[in-house]
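[1] structure of the sequence below:
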Amino acid sequence: MFIAQNNLQLILEVAFIIHIVVLLLFNIIALPLSMVLFLGIVLTVLIGSLLLVDVAFLFLPLLSHHEFTHPFGSLAVFAWVTIAAAANLLTEVGIKSTSIKTLTIILFFIIAVAGGLMHRSFLILWFLGWALGYLIMSKSFKRSTNITSKSIIGWTLAGGLGFVIMELLSRFLDKPIISPLLRVSRIEHYSISSLKMVIQNTALWRHVQGSCYWGVECLGGADGYITLPMSLIQSFGLPYHLFYGVLVNRKDEIDYMLPGIFAVAFDAGYAGIIFLLSWIMIVSCTGFYVLRKYRSKRKSGSKMYLGKEALLIGALSAFLAQSIIGLFVFNRSFNGSAMLAYIVLSALVMAHIATLKRSI
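    Numbers count the residues shown, from 1 in each chain. Here you go, the predicted model:
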């Protein structure tokens with residue numbers, strides 16, 4: 001009865017379990033600001049090191065890279081924004097945090113370069129996560145955002161320069177994998193046909209049976225275009241439709257070429273995308289509601305929630321950034337291993353509402 005019958009049911013069951021586990025941990029483990037800061041630094045350094053090693057494998061012969069930007073990209077945003085928020089909270093309570101802020105700047109550029117060389121979509125996720133974290137912190141700490149037309153133009157030019165440098169590097173080193181123009185040309189070549197397939201065959205609850213890759217074995221929904229990590233599914237021996245090996249090219253028609261809003265609609269129907277958008281709204285509203293409560297407690301002199309406030313700012317920024325990129329830019333940003341990270345971020349936001357009610 002409780003064994004998931006397909007990929008989408010498994011996602012829902014795993015999401016439910018993770019949310020319950022994170023909620024229980026929040027009620028058991030104390031989270032002072034010092035612990036949150038320490039864990040955030042450790043996680044950011046670990047992910048940054050992992051991305052550096054992965055991008056080094058990209059250039060070294062006889063070694064294969066693993067594209068860790070997909071599963072760990074949003075977690076990198078979460079960890080880095082959490083450090084930045086913790087440093088600002090230390091300043092709010094009168095503790096100098098200059099060294100920590102310097103460390104965050106160094107880690108920011110290390111992760112941006114390493115992740116950007118591997119995937120251009122990560123670079124967009126990284127800068128969007130930074131921008132959202134900056135805006136949320138400005139709101140939480142009642143500071144002006146200082147976003148001007150000059151700063152917007154400056155960051156836009158910097159992003160364009162980065163893409164030009166990567167294109168030049170790809171040609172100089174004969175590494176097409178880091179070429180932004182190759183990615184654009186592939187989208188231009190494949191996305192229109194993929195979009196037509198999705199629009200013509202998507203229904204309210206599923207897609208037209210037989211319209212997916214599996215032919216007569218097509219389930220008409222939950223056919224493996226939106227999944228948890230394949231290694232997780234295979235470890236349980238679950239008989240779901242999975243794309244692996246050369247078949248990944250078939251999955252790429254949707255997963256790699258279209259934004260997630262189309263991929264989710266195709267595999268779960270229009271009802272599925274409505275459910276996902278509703279859940280994103282619930283998580284976002286919950287996060288901002290709790291942040292207001294944390295801010296009011298801090299303004300009244302309480303230091304009890306400083307660690308949780310930093311954690312919530314990081315999780316909410318990463319969750320929103322991954323939602324935007326996954327839904328409207330690149331489905332793979334929250335599919336497969338990235339889906340697991342996405343669920344964890346959602347749980348890290350929603351866990352605050354129960355602990356806050358209990359404490360108040």
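[2] can you name the next helix or strand after the worst-scoring helix or strand of the chain on mean pLDDT?
    In the chain, the helix or strand scored least confidently by mean pLDDT, DSSP states H and E is helix 248-255, which has a mean of 68. Moving toward the C-terminus from helix 248-255, the next helix or strand (DSSP states H and E) is helix 260-299.
[3] show me what that next one is packed up against.
    helix 7-28, helix 120-140, helix 180-201, helix 248-255, helix 306-328, helix 337-359 (3 or more CB pairs under 8 Å, 6 or more residues apart in numbering; DSSP states H and E). Yep, even glycine has a C-beta here, placed from its N, CA and C like the rest.
[4] adding mean neighbour count and distance to Leu161, write those helices out as JSON lines.
    As requested, the helices and strands packed on helix 260-299 are exported to JSON lines (neighbours: other CB atoms under 10 Å; distance: least, CB to CB, whole Å):
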{"stretch": "helix 7-28", "mean neighbour count": "16", "distance to Leu161": "39"}
{"stretch": "helix 120-140", "mean neighbour count": "20", "distance to Leu161": "12"}
{"stretch": "helix 180-201", "mean neighbour count": "14", "distance to Leu161": "12"}
{"stretch": "helix 248-255", "mean neighbour count": "19", "distance to Leu161": "29"}
{"stretch": "helix 306-328", "mean neighbour count": "25", "distance to Leu161": "21"}
{"stretch": "helix 337-359", "mean neighbour count": "20", "distance to Leu161": "27"}
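[5] can you flag the weakest of those by average pLDDT?
    Mean pLDDT per stretch puts helix 248-255 lowest among the helices and strands packed on helix 260-299, at a mean of 68.
[6] picking up where we left off before, between the helices and strands packed on helix 260-299, which gets nearest to Val53?
    Closest of the helices and strands packed on helix 260-299 to Val53 is helix 120-140, at 15.4 Å (criterion: CB to CB).
[7] whatever helix or strand comes next after the closest one: which residues count as buried?
    Later in the chain than helix 120-140, the nearest helix or strand by DSSP H and E is helix 149-172. Of the residues in helix 149-172, Gly162, Phe163, Met166, Ser170 count as buried by neighbour count, 16 or more other CB atoms under 10 Å.
[8] now helix 149-172 against helix 180-201, angle please.
    Here the directions of helix 149-172 and helix 180-201 differ by 100 degrees (axes from the mean of the first three to the mean of the last three CA atoms, to 10 degrees).
[9] mind checking the pLDDT average for helix 149-172?
    Rounded mean pLDDT across helix 149-172 is 76.
[10] which secondary structure elements does that helix contact?
    helix 98-118, helix 120-140, helix 180-201.
[11] what are the contacting residues of that helix?
    When contacts are defined by CB atoms under 8 Å, 6 or more residues apart in numbering, helix 149-172 is touched by residues 116-117, 120, 123, 127, 175-182.
[12] then stretch 84-96?
    With CB under 8 Å, 6+ apart, stretch 84-96 has contacts from 33, 36-37, 40, 97, 100-101, 104, 133, 137, 140-141, 298, 303, 306-307, 309-310, 313-314.
[13] can I get the helices and strands packed on helix 149-172 in JSON lines with distance to Leu51?
    Listed next are those as JSON lines, based on distance: least, CB to CB, whole Å:
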{"stretch": "helix 98-118", "distance to Leu51": "4"}
{"stretch": "helix 120-140", "distance to Leu51": "9"}
{"stretch": "helix 180-201", "distance to Leu51": "18"}
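[14] show me the contacts for Phe68.
    Residues in contact with Phe68, defined by CB under 8 Å, 6+ apart, are Ile47, Leu50, Leu51, Asp54, Met118.
[15] out of those residues, which sit inside helices?
    Ile47, Leu50, Leu51, Asp54, Met118 (DSSP state H).
[16] my read: the third one touches Ile111, true?
    In this case it means Leu51. Yes - counting by CB atoms under 8 Å, Leu51 does reach Ile111; the two are 6.1 Å apart.
[17] quick check: neighbours shared by those two?
    Ala76.
[18] any idea how far the residue lying farthest from the centre of the chain is from Glu13?
    The C-alpha centroid of the chain is most remote from Val216, which lies 34.3 Å away (CA atoms, centre = their mean). Going from Val216 to Glu13 by CB to CB, to the nearest Å gives 28 Å.
[19] on the three-state scheme, Ala222 is what?
    Under DSSP: H, G, I helix; E, B strand; the rest coil, Ala222 falls in the coil class.
[20] quick one, phi/psi of it?
    phi 50, psi 40 (degrees, to the nearest 10).
[21] how far away is it from Asn6?
    From Ala222 over to Asn6 (counting by CB to CB), the distance is 4 Å.
[22] more neighbours, those two?
    Neighbour count, other CB atoms under 10 Å: between Ala222 and Asn6, Ala222 has more, with 24 against 18.
[23] residue contacts, the more buried one?
    Here Ala222 is in contact with Asn6, Asn7, Leu8, Gln9, Arg206, Tyr240, His241, Asp267, Ala268 (criterion: CB under 8 Å, 6+ apart).
[24] which of the helices and strands packed on helix 149-172 sits closest to Gly73?
    Closest approach to Gly73 among the helices and strands packed on helix 149-172 is made by helix 120-140 (4.9 Å; CB to CB).
[25] output the contacting helices and strands for that closest one.
    Counting by 3+ CB pairs under 8 Å, 6+ apart, helix 120-140 packs on helix 69-92, helix 98-118, helix 149-172, helix 260-299, helix 306-328.
[26] so for Arg292, which of the helices and strands packed on helix 260-299 sits nearest?
    helix 120-140 (8.7 Å).
[27] report the contact partners of Ile83.
    Per CB under 8 Å, 6+ apart, neighbours of Ile83: Leu37, Gly40, Ile41, Thr44, Ile100, Leu103, Thr104, Leu107, Gly314.
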